Every structure is written in C-alpha cells, then in structure tokens.
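**Q** all I have is the shape, not the residue letters:
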C-alpha cells in the first residue's frame, strides 16, 4: 500500500462503518413507509432502497461490483430492519432519535465511500464526491419515491457534513496519515458538524435574489 | 449446468417472457403519455423508459451488458408500441385491459429477472430481488417522471406479486427442479395473485400508527 | 477506423462539444438552485448532477468507464460554474440567455453521446438514443430533484431537437461521411431546430383524446 492511494481498505474500522450505515439508513427508509401507513412489502422496499441506494450508485460510478449482489448479508440486514420497524409502534422511534442515528450513518458512509473510491484509484476530487454520493443518494431516492422534498433542498446542514467527512478523509490520505485514525477523525468531524446542526437547527446562508 | 445455479437460461420460455414484458410495459408507458396528451416523442420516451427501465437497472446491478444496447430489436419494439398507441384512440385501451396486460408483464419480468441473475451467479436472496427490480422499476421511473404516485406506494398488491413469482422461481431452482416448468409455475403464481388483486381490489394490511 | 463505425472520436471537435455541454448544463443546474434560494452546497450538487448526469447514464449503459471519474477537470468545471452563479446576481442570467446556452449544450451533447456510443460498437438505433440520453437526462434529474415538471413533459420542442442531432450524426456515419463535418452539421441542425422552437415557442402536435 502506498501512502497516497490506499489499495486495500483498513478492514475492521471501515467494514463496521459500512454495516452501521446500511442498518441505520434502512431504518430511516422503513420509518418513511411507517409514517405513510404502508404495508410490509413497501417497508422492505424503502428499507432496501435507502440502505443500499447510495453505495450502489457509488459502485456503479467507480466500476466496482455492486457490493450487495455477491452475498446475502447486506440485503438481509435491510429486510430485518424493515420487519423490526413493522413490528414496533412508530412512537418507539422518535424523530429526534432517528435524526441522530441518521447522522451516524451519514458520516460513516461518507468516509467509507471516499475510502472505497480511493481504493479503486479514483482521484481525490471525484473520490470525495463518491463519499457524498454514498452518504446522500439513498436518502434522496427515499424522498423522491415518497414524494417528499429531498434532503438536498432542505435548509439544514446535511450534505455539507457528508462533504466534510469525505473531504477530510481524502485530504488526510493524500498527506499519508494512518487510514484507521483518519477514518475515525473524519467520521468525528462530519458527525460533529451534523450534531451541531441537529441541536441548533444550523443551516448555511442561502442565496438571496440580488 | 448445475441443478442449483443455472448457467444458461432455458432459451425459449424465458426469452419469450422477456419480449412480452418489454412490449406490455412499453404500451403502459405510452398510455401514460396519451392520458397526459403529450406529443409523439414523449410517447416514445415513456414507452422506452417503461419497457426497458427495469431490465436496465437489473443488468447494471448484476454486472451484465445492458440487454438492449447490443441489438436494435428491443428498443424498436418499444418505439413501435409508442406509435401504435399514438395512432389509436385511447378508448381502445381500456384501463382494465391494460391492468391485465401489465399483470402478464409483471410476472413474466419477475421470473426472467430472477433467472438472469441466477445465471450470473448472484446468490438467491439478491437474485429474487433482481426479479422484483426487473418487474417494478420501469413502472416506478414512468410514475416519477409523470409526477404520479408510484406503484410502490399504491395500496393494491403489485410488488408482492412480483416478489412471489421471483421468490418461487429462485426457491424451485435451489430445489433442482426443471427451469422451464419452474418458470411457467412461478409465472402462474405471481400472475394469479395479481389477477385476484385486480379482480377484488386486494391489498396487504397496512401499518397503523400505534 | 472503418467508415461505418468510428473506433475513435474526432478528438478536437467532439471533446470541445463535451466541455461546452458540461459547463452549460452545470450553469442551468446552479440557476435552478439560485431560483430556489438554496445554499452554496446545493448549488454545487445541482451543477454537478445536471452537468454530468446525462453522460454518466450513457457511460453506464454502453459499458464505458464513467467519464468524470478518472480525472478532476470535468467535475471541477461543474463546481466552478456553481461558484460563478453563486457569486453573481441571478438577474445577470436572463432566462432567455440560459435557454440559448442550454440549446447549445443540448445539441453538443446529443452529437457527442451518439459518437461515443458508436465508438463503443453500439448499433445505430441504440446509439442515437444514447445521444438523446446524454443531452436530456441531466436536465431530467435536475427537474425531478427540484420538484419541477420535467423537460420531457413540457410541450416545447426539446427532446426532439436532441433526437434530430443524434439521428443525423448516426445516419451520416453509416453513410461514411467525415466525422468532424458530420458532427458540425448534426449539431447545427439540432441547435437550429431548438432555436426556432425557442424563438417561436414551437411544439409538436399533442395527442388528443379521441
């Protein structure tokens, strides 16, 4: 492994981030189905779409085999999360708690996506964007299909937190820092920013018609 | 060919199912354009998108060459169906009749998609999901672009019928049963469920806010 | 290079068309973000999605490496265009001017997309459709995410102009004509049709419920 472009992922830290991301996003997808009072098949559809959507687009773009097609574990996690939400009262899942879990998934997926892109020899700028895609596209699919305004056009800081995590990870890798420490640091920065945004309803300044 | 993972498709039965699926979905796409009083180019756009959309996503996910890119027949069928709908009065195409044709396409595509995924060495669970994707994604694209509520969030049994066909096909293949007979049986079960759903407006129980 | 299926693109003319298409569509994406009074991250998201969306789908369909993943220039152009729109008053970008620039991008991308598909041995009919996909899909993504009626279902001639450019290019290549001259001619025809449509609000006849 060269210090600049890691050719294999630091297995432990990053794979754990991946499973956390999948499970957390699957829950957020199933909860959208719950609020729309859908049936159990729709729960599974939304859980899977939200759970694996971002990583799927990333893999197609970087030319990797789609990560959930060559084993049954990832998609089984999504379907299990759908059943879990289906079998429990929706009030157990406070919107607030889900926002926090979703923040964990967001930062985890942003780091993992950028790391996987670097491992496939993608240059820094598109690799950082792959982190953002991994973190945000599942939620975008969920919102478009549920006919809700997409996370991209909501004012609160969200995509920006993913960009921070992904950008820091790529930058630190180009500096030659340790991948595992970098992953943890970049995760913490993105999650921290998202946490502040959730707590204080922080948003970036918006464009004013001048 | 091993009994568990078929390495080539039973050519006759499955390829026929494929052409039926393409033509039927292309008609359903063109009819959405007709009801929105669009022009002939939009007819062709919706016919092609609905006709090949599901199979395209399946092929990208399983790593196969996109099925309609290496010949002109499939896409020509879509464009011909668009012209056919354009040249005929919309009342010739009763919504009821279209529902029935669409049910044929749904079950046919679900079986064909699962079989193709198995032929590309995809494990059982994701292969069954590829059947559902092949059957449902074209219609989802059509609905999102036409700004209609997607088939996924309508109450009537639809995705479930595709899941039944795809799941039964995969299960029977793992049992080592004859692919052609399995394809016909799995098609009949899914189409039967959809037929009952159309006839009696059957839907799965929905989640109630508890 | 055979006269019928060019195995490399006429580098100068076509690559210039590509960069023009990316920049122009990126601006049109950023302007949608500006009108919705979004923040700078959303500007960049819409600029990138609109700028590279069509070419990305084309590359996935024809089995080519996604064009903006193996260098930083293309995506950097998109982000720069987003900053440019962010830093300037929206009234500098008259809707009329943008329509004209967009028309240039439309015809340029239609020719470039069809040429790239032919270079990847895609037959004529799907290759022409790849031109239309390259030209129109970025705008469709933009409109779906911004919750606007998509360019596909607006009455004015738009997709048709892309189809004219792409179809003429493919036809002339099958006739064995010079690729650079053909590219310029096909570009001019599509842009000319779109120009007439913008100037006189031209639309194709629509389907009437008969």
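**A** Now that the structure is in, tell me what you want to look at. Since we're looking at a predicted model, the values are computed, not measured.
**Q** now do the most centrally placed residue in chain A against chain B, distance only.
**A** Central residue of chain A (C-alpha atoms, centre = their mean): residue A:135, 2.8 Å from the mean position. Noted for residue A:135: a distance of 20 Å to chain B, by C-beta to the nearest C-beta, to the nearest Å. Any C-beta I mention is one placed from the backbone N, CA and C, and that applies to glycine too.
**Q** give the contact list for residue A:81.
**A** Residues in contact with residue A:81 (C-beta atoms under 8 Å, 6 or more residues apart in numbering or on different chains) are A:23, A:26-27, A:30, A:47, A:51.
**Q** excluding chain neighbours, what is closest to it?
**A** Counting by C-beta to C-beta, 6 or more residues apart in numbering or on different chains, residue A:26 is the residue found nearest to residue A:81 once chain neighbours are left out, at 3.9 Å.
**Q** name the next helix or strand downstream of the helix or strand encompassing that neighbour, please.
**A** Counting by DSSP states H and E, the element that carries residue A:26 is helix A:11-35. Scanning forward in sequence from helix A:11-35 by DSSP H and E, the next helix or strand is helix A:40-62.
**Q** can you tell me the closest non-neighbouring residue to residue A:114?
**A** For residue A:114, the spatially nearest residue (C-beta to C-beta, 6+ apart) is residue A:131, at 3.4 Å.
**Q** the one you found looks like it's in a helix, true?
**A** Yes. Counting by DSSP: H, G, I helix; E, B strand; the rest coil, residue A:131 is part of a helix.
**Q** what number of residues lie near residue A:58?
**A** Neighbourhood size, residue A:58 [other C-beta atoms under 10 Å in any protein chain shown]: 28.
**Q** do residue A:74 as well
**A** Residues near residue A:74, counting by other C-beta under 10 Å: 22.
**Q** my guess is it contacts residue A:66, does it?
**A** No. Between residue A:74 and residue A:66 there is no contact under C-beta atoms under 8 Å: 10.1 Å.
**Q** one step back: just flag the most distant two among the contacts of residue A:81.
**A** Greatest spatial distance among the contacts of residue A:81 (C-beta to C-beta): A:23 and A:30, at 10.7 Å.
**Q** okay, the two: which has more neighbours?
**A** Higher neighbour count among residue A:23 and residue A:30: residue A:30, with 32 against 20, using other C-beta under 10 Å.
**Q** measure the more buried one to residue B:131 for me?
**A** Distance from residue A:30 to residue B:131, counting by C-beta to C-beta, to the nearest Å: 21 Å.
**Q** next, give phi and psi for residue A:177.
**A** Note on residue A:177: backbone dihedrals following degrees, to the nearest 10 are phi -80, psi 170.
**Q** per-residue confidence for it?
**A** With respect to pLDDT, residue A:177 scores 92.
**Q** how much space separates it from residue A:171?
**A** Noted for residue A:177: a distance of 9 Å to residue A:171, by C-beta to C-beta.
**Q** which bits of chain A sit near chain C?
**A** Within chain A, the positions lying close to chain C (C-beta under 8 Å from any C-beta of the partner chain) are A:60-63, A:122-126, A:129, A:140, A:144, A:149-150, A:152-153, A:155, A:159-160, A:163, A:203-210.
**Q** hang on, residue A:140 packs against residue C:145?
**A** Yes. Here residue A:140 reaches residue C:145: they are 7.1 Å apart, a contact under C-beta under 8 Å.
**Q** so what sits against both of the two?
**A** A:150, A:152.
**Q** so which residues on chain A come close to chain B?
**A** A:33-34, A:36-43, A:45, A:48, A:56, A:60, A:65-66, A:68-72, A:75-76, A:86, A:89-91, A:144-147.
**Q** tell me the one among the contacts of residue A:81 nearest to chain B.
**A** Checking those against chain B by C-beta to the nearest C-beta gives residue A:30 as the nearest, at 9.5 Å.
**Q** in which helix or strand does the closest residue to that closest one other than its chain neighbours reside?
**A** Once flanking residues are discounted, residue A:30 sits nearest to residue A:85: 3.8 Å by C-beta to C-beta, 6+ apart. Assigned by DSSP H and E, residue A:85 falls within helix A:73-87.
**Q** pLDDT-wise, which helix or strand of chain A ranks last?
**A** Scoring the helices and strands of chain A by mean pLDDT, DSSP states H and E places helix A:11-35 at the bottom, with a mean of 82.
**Q** that helix to helix A:73-87, inter-axis angle?
**A** Interaxial angle of helix A:11-35 relative to helix A:73-87 (axes from the mean of the first three to the mean of the last three C-alpha atoms, to 10 degrees): 40 degrees.
**Q** can you give me how far helix A:11-35 is from the chain middle?
**A** Put simply, helix A:11-35 sits 8 Å off its chain's centre (C-alpha atoms, centre = their mean, to the nearest Å).
**Q** now stretch A:178-186
**A** Centroid separation for stretch A:178-186 versus its chain: 17 Å, with C-alpha atoms, centre = their mean.
**Q** now it: buried residues?
**A** Residues A:179, A:182-183, A:185-186 are the ones in stretch A:178-186 that count as buried (16 or more other C-beta atoms under 10 Å in any protein chain shown).
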